[in-house]
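Novice: following is a predicted model, sequence given first.
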Amino acid sequence: MIDNNFSSRPTDSLVIALAKGRILKQTLPLFEQIGIVPTEDVAHSRKLMIATTNPKIKLLIVRTTDAPTYVQYGAADLGVSGRDTLIEHGYTGIFEMLDLGIARCKLMTAVLESVAHLPEKRLTVATKYVNSARKHFAEQGVHADIIKLYGSMELAPIVGLADCIVDLVDTGNTLKANGLKPLDTVLEVSTRLIVNRVSLKMKTDLITQLVADLRTVVSSRE
Ligand code: PRP
Ligand code: MG
């Protein structure tokens with residue numbers, strides 16, 4: 001078990017892990033509204049730990065699937081991560097504080113357009129979202145053999161690797177471009193603010209204030 005070494009860390013500052021890509025792009029405008037602006041161009045910088053205009057707050061730029069891990073072990077006090085990723089991670093050592101309401105999409109099953117419905121047999125399912133997929137098919141009473149992929153899931157039914165995929169659908173363009181269609185919704189996804197459980201105890205005031213400020217910004221956008 002790795003110990004969170006908080007004794008040597010300042011309690012008057014916060015480290016926030018931000019997932020690269022769409023989440024980062026949509027989170028920065030929210031942060032800007034509460035006075036947290038990166039001191040360099042995050043999209044183009046190769047730097048992964050970035051100071052902000054708030055001297056108490058630093059950002060870590062991490063891979064999407066790694067954001068909960070940084071928060072779990074206390075390497076970051078807070079993190080911004082999709083609900084899809086959090087469910088795969090399992091929320092160990094983490095509390096979810098706020099739905100930021102950004103990067104909304106759905107985790108869905110999808111099949112080739114020519115397939116009317118899922119075959120009533122043991123299914124082969126290709127996905128990056130192993131836990132969500134397993135739970136979904138178990139709830140349906142369907143036996144599913146899961147093949148873990150890390151991206152480009154849409155290829156799997158085309159090349160005969162799987163009967164179906166479980167993947168994120170936003171505009172639906174990727175499914176369409178690959179001759180696939182969505183079937184069932186597995187999960188409604190949006191981006192969440194998460195916190196390390198120990199950080200929340202040690203830095204209650206700072207974190208509570210940040211969450212309250214962000215909540216105000218998020219509510220004003222609804
Ligand atoms: C994501 C997701 C879908 C696509 C959904 O893939 O896995 O493929 O975006 O978006 P759409 O419905 O608007 O087309 P991404 O491009 O992030 O690549 P990856 O799956 O290879 O990681
Ligand atoms: Mg994809």
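Specialist: Arrived safely. Ligands and ions are numbered 1, 2, ... in the order given.

Novice: burial count for residue 119?
Specialist: 12 (other C-beta atoms under 10 Å). Quick note: C-beta positions are derived from backbone N, CA and C, even for glycine.

Novice: and the strand or helix carrying residue 95, what does it pack onto?
Specialist: Residue 95 belongs to strand 94-99 when assigned by DSSP states H and E. Here strand 94-99 touches helix 67-72, strand 191-196, helix 197-202, helix 204-221, going by 3 or more C-beta pairs under 8 Å, 6 or more residues apart in numbering; DSSP states H and E.

Novice: on contacts alone, who are the packing partners of the third one?
Specialist: It stands for helix 197-202. Looks like helix 197-202 contacts strand 94-99 (3+ C-beta pairs under 8 Å, 6+ apart).

Novice: next: the longest one.
Specialist: In terms of contacts (3+ C-beta pairs under 8 Å, 6+ apart), helix 204-221 is packed against strand 14-19, helix 22-33, strand 94-99, strand 191-196.

Novice: how does it look with 6 Å?
Specialist: For helix 204-221, the packing partners by 3 or more C-beta pairs under 6 Å, 6 or more residues apart in numbering; DSSP states H and E come out as strand 94-99.

Novice: what mean pLDDT does the strand it packs on have?
Specialist: Taken as a whole, strand 94-99 carries a mean pLDDT of 98.

Novice: now do that strand against helix 204-221, angle only.
Specialist: In terms of direction (axes from the mean of the first three to the mean of the last three C-alpha atoms, to 10 degrees), strand 94-99 departs from helix 204-221 by 40 degrees.

Novice: partner strands of the helix or strand just after strand 94-99 and their direction?
Specialist: For strand 94-99, the succeeding helix or strand toward the C-terminus, using DSSP H and E, is strand 105-112. Its sheet considered, strand 105-112 pairs with strand 164-169 (antiparallel), strand 180-189 (antiparallel) by DSSP bridges.

Novice: give me the contact list for the last one.
Specialist: Right, the one you point to is strand 180-189. With C-beta atoms under 6 Å, 6 or more residues apart in numbering as the test, strand 180-189 has contacts from 82-84, 105-110, 112-113, 132, 136, 154, 166, 169.

Novice: buried ones in that strand?
Specialist: By 16 or more other C-beta atoms under 10 Å, the buried positions in strand 180-189 come out as 180, 182, 186-187, 189.

Novice: report the beta-bridge partners for the residue nearest the centre of the chain.
Specialist: With distances taken as C-alpha atoms, centre = their mean, the chain has residue 82 as the residue nearest its mean C-alpha position (2.2 Å). Judged by DSSP bridges, the bridge partners of residue 82 are residue 191.

Novice: please apply the same query to residue 148.
Specialist: residue 127.

Novice: okay, the helices and strands packed on strand 94-99 in CSV with mean neighbour count and mean pLDDT next?
Specialist: CSV is the format used below for the helices and strands packed on strand 94-99 (neighbours: other C-beta atoms under 10 Å; pLDDT from 0 to 100):
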stretch, mean neighbour count, mean pLDDT
helix 67-72, 26, 98
strand 191-196, 25, 98
helix 197-202, 16, 97
helix 204-221, 14, 97
